[in-house]
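> predicted model follows, preceded by the sequence.
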Amino acid sequence: MPRIQPVEPENAPEASRPLMEKGEQGAGKMLNFYKEFAVSPTAFEGYMDLNATLSGGAPSSRIPGRRIRPRARVRPTARRSP
């Protein structure tokens, strides 16, 4: 038995209905995951926003406009024979 009872689209809160439709279009069918998220429109919207952001690619480790420089340079030295 699920802890959160799934909500059918026709019984979902008004704010969750467009998100459920968008999720159904993306997945090809209505997933129980979306039906359970529909209980809380705020959490559902946050999940969909995060999912859309991450589907564009992994976050970049580079900061635009900032050049990352190495902290130290090591130069090989020639060894002298005594």
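Cool, got the structure. Numbers count the residues shown, from 1 in each chain.
> tell me the pLDDT at the closest residue in space to Ile4 that isn't next to it in sequence?
Spatially, and ignoring its direct neighbours in sequence, Ile4 is nearest to Glu36 (4.6 Å; CB to CB, 6 or more residues apart in numbering). For the C-beta atoms, the positions are set from N, CA and C on the backbone; glycine is no exception. pLDDT, Glu36: 93.
> the residue lying closest to Leu31 once chain neighbours are set aside is in what secondary structure piece?
Nearest residue to Leu31, sequence neighbours excluded (CB to CB, 6+ apart): Gly23, at 6.9 Å. Element membership for Gly23 (DSSP states H and E) is helix 17-27.
> helix or strand: which one has the closest residue to Ala27 other than its chain neighbours?
Of all residues not flanking Ala27 in the chain, Tyr34 sits nearest, at 7.6 Å (CB to CB, 6+ apart). Secondary structure from DSSP H and E places Tyr34 in helix 32-37.
> toward the C-terminus, what is the element adjacent to that helix?
Once the chain leaves helix 32-37, the next helix or strand it forms, by DSSP H and E, is helix 41-55.
> now do that next one and helix 17-27, the angle between them.
Angle, helix 41-55 to helix 17-27, by axes from the mean of the first three to the mean of the last three CA atoms, to 10 degrees: 30 degrees.
> can you show me the CA trace of helix 41-55 as CSV?
Written as CSV, here are the backbone C-alpha positions of helix 41-55 (Å, rounded to 0.1, in the frame of the first residue of the first chain):
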residue,chain,number,x,y,z
PRO,A,41,1.4,21.0,-6.7
THR,A,42,4.3,23.0,-5.3
ALA,A,43,6.5,19.9,-4.9
PHE,A,44,5.4,18.6,-8.3
GLU,A,45,6.3,21.9,-10.0
GLY,A,46,9.7,21.9,-8.2
TYR,A,47,10.4,18.4,-9.5
MET,A,48,9.4,19.2,-13.0
ASP,A,49,11.5,22.4,-13.0
LEU,A,50,14.5,20.4,-11.7
ASN,A,51,14.0,17.7,-14.3
ALA,A,52,13.8,20.2,-17.1
THR,A,53,17.0,21.9,-15.9
LEU,A,54,19.0,18.7,-15.6
SER,A,55,17.7,17.3,-18.9
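> I'm done for today, thanks for sticking with me.
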